[in-house]
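Visitor: Mind folding the following:
(one chain, ligands or ions: 1)
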Amino acid sequence: MEHITLEGLGRPSSSIGVGQEIHALAERLFPICRSITGDGVRQTLDILSEQVDLDRHEIPTGTQLFDWTVPKEWNIHSASIIGPDGKTVVDFADSNLHIVNYSLPFKGILPLNELKSHIHTLPEQPQLIPYRTSYYAATWGFCVAHERVATMPDGLYLVEIDAELKDGSLAYGEHLHRGQTEREFLLSAHICHPSLANDNCSGLALLATFAKSLKERKTRYSYRFLFAPGTIGSIAWLSRNEDQARLIDHGLVLSCLGDAGSPSYKRSRRGDAFIDRAMAHVLGREAGAKLIDFSPYGYDERQYCSPGFDLPVGMFQRSVHGTFPEYHTSADNLDFIRPEHLEDSFRILTEVIDIVEGDWTPLNLCPKGEPQLGKRGLYAALGGQPSSGATSMALLWVLNLADGRYSLLSMAERSGLPFRELAAAARLLADHGLLADAAP
Ligand code: ZN
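Guide: Numbering: from 1, shown residues only. Sure, this is the predicted structure:
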């Protein structure tokens, strides 16, 4: 196979200010009331499709998807609680987290004690509104700051939820960047959360921006970007693309990419897939980074890594979902995600894709003793030639390990040197006729 060197690739359009660009996009997505179905998902896809072309799909309510069925479509217009004094206590217009996502419509007058059984709070974080869903249980409810509920006097409350739950469809979008081969890299982000910034406006905005930057880049792999509601969306894609799924060689689920936490990676179910090794190599050089073994709890990697597929798909996050106090609360807002952290996540993703694109297995054509580098003008490189990017140690490691059994990533793992230095060294040596591709 023809190998692509890193220098042969177009770079992402500009990483200067890319954090601001991602943040600005997340800011546009943030106010929309999304759910697993409904117009919020479509509005979000509208905005994402300004960045990249999206193939959009609508799957009708009632469609069977493996063991799941597309639920009724949910849309909400307004919701409020009005107190005994006629004042509005809770208003969906102030925050879309106020309503339990997928709430049934309701209108009625209730005494406080009865109303309270429909109100969710966070007593430990009394100022924050929790995020709750009831996708698969027919009920209605509100989410309110605990301290606000504490101030509600006894009496009768007027509750009104103007929502509809009816036959419709499940929407999702995908974008394919075609590479030289049909083998694919899947990048997947969930699109079903309402006004929560890190989980997962950050993932949607980062992936759309990354997809846009990839347009300029000639790649070996094809890159499939999937923007789908959590669980049911990835199951929908898998059930409609069983053959296509067999083409996936690498994959990442992305979420929570904008907070100040160190980067983290959860391995695929396989645990030793190429993506697991590439992520481990990149994060191994990041301060405080966490590598976590696979577990069947989390986001859509649960579906991609279900035993019927067992795809090499891991999860890239900064702070791990469920472990930070802002998670699934109104504190997961646009201040919680910062351009510099989004930019850092973008850089890490770029480095991983550089490895996937740039890995190859060199064969030393002059393996008996070290080749004489001086007569080939490579001695200067040993002193550290800035233009080549190849360091002396990288040249020596590549020459030594190029017995046809080590790819550049394997060399990086064994030597502890950055992949990019080894790739630069290998290119330099190949240009001087000292290396061939062991698997042409
Ligand atoms: Zn979530």
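Visitor: hey, let's count contacts and neighbours off CA atoms from now on
Guide: Will do.
Visitor: got the buried residues for stretch 101-112?
Guide: 101-105, 109, 112 (16 or more other Cα atoms under 10 Å).
Visitor: contacting residues around that stretch?
Guide: 35, 74, 131-135, 138-141, 153-165 (Cα atoms under 8 Å, 6 or more residues apart in numbering).
Visitor: Of the buried residues of stretch 101-112, which belong to strands?
Guide: I109 (DSSP state E).
Visitor: could you redo the buried residues of stretch 101-112 as TSV and give each row distance to G179 and pLDDT?
Guide: Shown next, in TSV, are the buried residues of stretch 101-112 (distance: Cα to Cα, whole Å; pLDDT from 0 to 100):
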residue	distance to G179	pLDDT
N101	39	97
Y102	39	97
S103	43	97
L104	45	97
P105	47	97
I109	60	98
L112	60	98
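Visitor: and the buried residues of stretch 101-112, which two are the farthest apart?
Guide: Y102 and L112 (22.6 Å; Cα to Cα).
Visitor: helices or strands next to the longest helix seen in the chain in the packing?
Guide: Assignment by DSSP state H gives helix 339-358 as the longest helix of the chain. On a contact count with 3 or more Cα pairs under 8 Å, 6 or more residues apart in numbering; DSSP states H and E, helix 339-358 meets helix 18-29, helix 202-214, helix 274-283, helix 419-431.
Visitor: Figure out which of the ones you listed is closest to L97.
Guide: helix 18-29 (14.5 Å).
Visitor: got any ranges where this protein has weak pLDDT?
Guide: Low-confidence segments of the chain (pLDDT under 70): 1-16, 380-390.
Visitor: okay, which residue is most central for it?
Guide: L254 (1.4 Å; Cα atoms, centre = their mean).
Visitor: Isn't it up against A189?
Guide: Yes. Using Cα atoms under 8 Å, L254 is in contact with A189, at 5.4 Å.
Visitor: Which neighbours do these two have in common?
Guide: With Cα under 8 Å, 6+ apart, L254 and A189 have common neighbours G203.
Visitor: got the helices and strands packed on helix 339-358 as a markdown table, with distance to P371 columns?
Guide: As requested, the helices and strands packed on helix 339-358 are exported to a markdown table (distance: least, Cα to Cα, whole Å):
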| stretch | distance to P371 |
| --- | --- |
| helix 18-29 | 43 |
| helix 202-214 | 38 |
| helix 274-283 | 29 |
| helix 419-431 | 10 |
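Visitor: hang on, the earlier thing: can you list which of the contacts of stretch 101-112 are found in strands?
Guide: Those of the contacts of stretch 101-112 lying in strands (DSSP E): 74, 156-165.
Visitor: most surrounded residue in these?
Guide: In terms of neighbour count, W74 stands highest of these at 26 neighbours, by other Cα atoms under 10 Å.
Visitor: you'd agree it is up against G38?
Guide: Yes. The pair W74 / G38 is scored as a contact, 5.2 Å apart, by Cα under 8 Å.
Visitor: quick one, helices of the chain?
Guide: For the chain, the helices defined by DSSP H cover 18-29, 39-48, 112-116, 146-150, 202-214, 232-240, 242-245, 274-283, 301-304, 339-358, 379-382, 392-401, 408-415, 419-431.
Visitor: between those helices, which gets nearest to D94?
Guide: Closest to D94 of the helices of the chain is helix 146-150 (Cα to Cα; 13.7 Å).
Visitor: just to revisit the earlier point, please name whichever of the helices of the chain is nearest to S195.
Guide: Closest among the helices of the chain, using Cα to Cα: helix 18-29, at 8.1 Å.
Visitor: helices or strands next to the closest one in the packing?
Guide: Helix 18-29 packs on helix 39-48, helix 202-214, helix 339-358, going by 3+ Cα pairs under 8 Å, 6+ apart.
Visitor: which of those helices is buried the deepest?
Guide: helix 202-214 (a mean of 25; mean count of other Cα atoms under 10 Å).
Visitor: export that one as PDB, just CAs?
Guide: The C-alpha coordinates for helix 202-214 follow below in PDB (Å, rounded to 0.1, in the frame of the first residue of the first chain):
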ATOM      1  CA  SER A 202     -18.900  20.500  22.800                       C
ATOM      2  CA  GLY A 203     -18.800  17.200  21.000                       C
ATOM      3  CA  LEU A 204     -21.200  18.300  18.200                       C
ATOM      4  CA  ALA A 205     -19.400  21.600  17.600                       C
ATOM      5  CA  LEU A 206     -15.900  20.100  17.700                       C
ATOM      6  CA  LEU A 207     -16.800  17.300  15.300                       C
ATOM      7  CA  ALA A 208     -18.500  19.600  12.900                       C
ATOM      8  CA  THR A 209     -15.500  21.900  12.900                       C
ATOM      9  CA  PHE A 210     -13.200  19.000  12.500                       C
ATOM     10  CA  ALA A 211     -15.200  17.600   9.600                       C
ATOM     11  CA  LYS A 212     -15.000  21.000   7.900                       C
ATOM     12  CA  SER A 213     -11.200  21.200   8.400                       C
ATOM     13  CA  LEU A 214     -10.900  17.700   6.900                       C
END
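Visitor: got the angle between that helix and helix 39-48?
Guide: 30 degrees (axes from the mean of the first three to the mean of the last three Cα atoms, to 10 degrees).
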